[in-house]
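J.: pasting the structure only:
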């Protein structure tokens, strides 16, 4: 039976089935809408947008701007990384690019050349609309016009809660 005597659930089975390993040379734009466990062991050039966990293997070479949830780098990456949950740079990692993440672990031996922005408590546009009790379309218009502190990640807006709190308390809300 495994799993401590429990039967595997459909959700657990689906998560296990969504593991992808790439050991070839690839070029282009790669985007996942559902969470996957993606491991790159070869060369990749282009743009990469994932959900779930992305692992860049020790022998991998990636030239891409990377957007994902949890990202672990053990190989070479040239490009900006935006990890919405956590970024780990292993001792063999070589990263040339900027980092944006709420949690960062740089293990001794890793090489990082670039700038790092640590943020806390990131909200999406639906959460901000609910949090501020403002219509979603109005929040989007404020973000598009630069009147509310926001950052575009791919095709989505992200908001830092402390910036939204400061913005709202400064009277710019009305």
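T.: Nice, I can see it. If you're wondering where the values come from, they're calculated on a predicted model, not measured in any experiment.

J.: helices along this protein, start to end?
T.: Ranges of helices in the chain, per DSSP state H, are 10-17, 125-132, 136-145, 161-169.

J.: give me the number of residues near residue 39?
T.: Neighbour count of residue 39, defined by other Cβ atoms under 10 Å: 18. All C-beta spots, glycine's among them, are computed from the backbone N, C-alpha and C.

J.: pLDDT at it, what is it?
T.: pLDDT recorded at residue 39 is 95.

J.: one more: residue 169?
T.: Predicted confidence (pLDDT) for residue 169: 86.

J.: what does the one 4 residues further on give?
T.: Model confidence at residue 173, given as pLDDT, is 67.

J.: repeat that for residue 14.
T.: Here the pLDDT value assigned to residue 14 is 46.

J.: hang on, the earlier thing: dump the helices of the chain to JSON lines, plus distance to residue 88 and mean neighbour count.
T.: Output for the helices of the chain, formatted as JSON lines (distance: least, Cβ to Cβ, whole Å; neighbours: other Cβ atoms under 10 Å):
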{"stretch": "helix 10-17", "distance to residue 88": "20", "mean neighbour count": "11"}
{"stretch": "helix 125-132", "distance to residue 88": "26", "mean neighbour count": "16"}
{"stretch": "helix 136-145", "distance to residue 88": "30", "mean neighbour count": "14"}
{"stretch": "helix 161-169", "distance to residue 88": "24", "mean neighbour count": "15"}
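
J.: any regions of this protein where pLDDT drops low?
T.: 1-17, 120-121, 172-174 (pLDDT under 70).
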